[in-house]
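> Fold the stuff below for me.
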Amino acid sequence: MKQQDKQKFDSFLKESFKNDVVVRELRLSDPEVGYLQQSFPNAEISSISKNKQQDKQWYKVTLQKAQIPQHV
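Below is the predicted model of the structure:
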């Protein structure tokens, strides 16, 4: 991912996991999943999409409370 894309994605994650939310269903691309796995190695990321033909797919993402992005 380009640096600008990383910054946008970091902001998206911060918004998605605000208010102590630890589980979300997110529509992500393969590069976004890779970045998420790299940034949060203990996160649980499970594909919940049935259609694998699209650019983005649905994933259930679970972060431990200590992993939730506080600032970007």
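> quick one, what contacts residue 57?
27, 28, 47, 49, 51 (Cβ atoms under 8 Å, 6 or more residues apart in numbering). No exception for glycine: its C-beta is placed from N, CA and C like everyone else's.
> try 7 Å
Neighbour list for residue 57: 27, 28, 47, 49 [criterion: Cβ atoms under 7 Å, 6 or more residues apart in numbering].
> doesn't it fall inside a strand?
Yes. Assessed by DSSP: H, G, I helix; E, B strand; the rest coil, residue 57 belongs to a strand.
> ranges for the helices of the protein?
3-16, 30-39 (DSSP state H).
> Report the separation between residue 41 and residue 28.
16 Å (Cβ to Cβ, to the nearest Å).
> Oops, could you answer that again for residue 4 instead?
From residue 4 over to residue 28 the distance is 17 Å, taken as Cβ to Cβ.
> what does residue 55 give?
10 Å.
> How about residue 11?
Going from residue 11 to residue 28 by Cβ to Cβ gives 15 Å.
> which residues sit in contact with the residue nearest the centre of the chain?
Compute the mean C-alpha point of the chain, and by Cα atoms, centre = their mean the closest residue is residue 36, 5.1 Å away. Residue 36 sits next to 43, 45, 61 when contact means Cβ under 7 Å, 6+ apart.
> Highest neighbour count among these?
residue 61 (20 neighbours; other Cβ atoms under 10 Å).
> these two touch, right, it and residue 47?
No. Using Cβ atoms under 7 Å, residue 61 makes no contact with residue 47, being 10.6 Å away.
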